[in-house]
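Q: Sequence and predicted structure below; questions after.
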Amino acid sequence: MVISADMMHTQREHARYLRRRGAHFVLPVGGNQPGLFDQLDSLAWQDVPVGWMTYDRGHGRREIRTIQVHPAPNRVKFPPRQAGVPG
């Protein structure tokens, strides 16, 4: 099973809960996890293709949103790896 959720659920305990149950997850990372964001921001994103992009204009601003997907490297400890449970 693969679970996706919004940034509010990008919490270590939520990830541990899902992992204990054998689920995989896709969670966005932003300002709610600054240390994790910095670790992921340091990856070579310029080498990762953009999988989806949208442009929007409204409320006096222009927004460009992109999605890039990169497997979490072993050095990123979110959540900490559990013995016997694949990362």
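A: Thanks, I have it. From a predicted model like this one, the values you see are computed outputs, not experimental measurements.

Q: who's in contact with the nearest residue to Q33 once chain neighbours are set aside?
A: Nearest non-adjacent residue to Q33, counting by CB to CB, 6 or more residues apart in numbering: T10, 5.7 Å away. (C-beta placed from N, C-alpha, C; glycine too.) T10 sits next to 27-30, 32-33, 36 when contact means CB atoms under 8 Å, 6 or more residues apart in numbering.

Q: how about 10 Å then?
A: For T10, the contacting residues are 25, 27-30, 32-33, 36-37, 78, by CB atoms under 10 Å, 6 or more residues apart in numbering.

Q: cool, and Q39?
A: With CB under 10 Å, 6+ apart, Q39 has these contacts: 29, 33, 72-73, 75-78.

Q: give me every residue that touches D38.
A: With contact taken as CB under 10 Å, 6+ apart, D38 is in contact with V29.

Q: pretty sure it is in a helix, no?
A: Yes: assessed with DSSP: H, G, I helix; E, B strand; the rest coil, D38 lies in a helix.

Q: what pLDDT does it get?
A: Confidence at D38, expressed as pLDDT, is 93.

Q: So which residues of this structure form strands?
A: For the chain, the strands defined by DSSP state E cover 2-4, 24-26, 52-58, 61-67.

Q: quick one: G22 and V2, what's the gap?
A: 11 Å (CB to CB, to the nearest Å).

Q: what bits of the chain have low per-residue confidence?
A: For the chain, applying pLDDT under 70 flags the ranges 80-87.

Q: Centre of it to the edge, which residue is at the far end?
A: G60 (28.6 Å; CA atoms, centre = their mean).

Q: before we move on, the earlier item: from the contacts of T10, which would you call buried?
A: Restricting those to buried positions leaves 25, 27, 29, 33, 36, 78, with burial counted as 16 or more other CB atoms under 10 Å.
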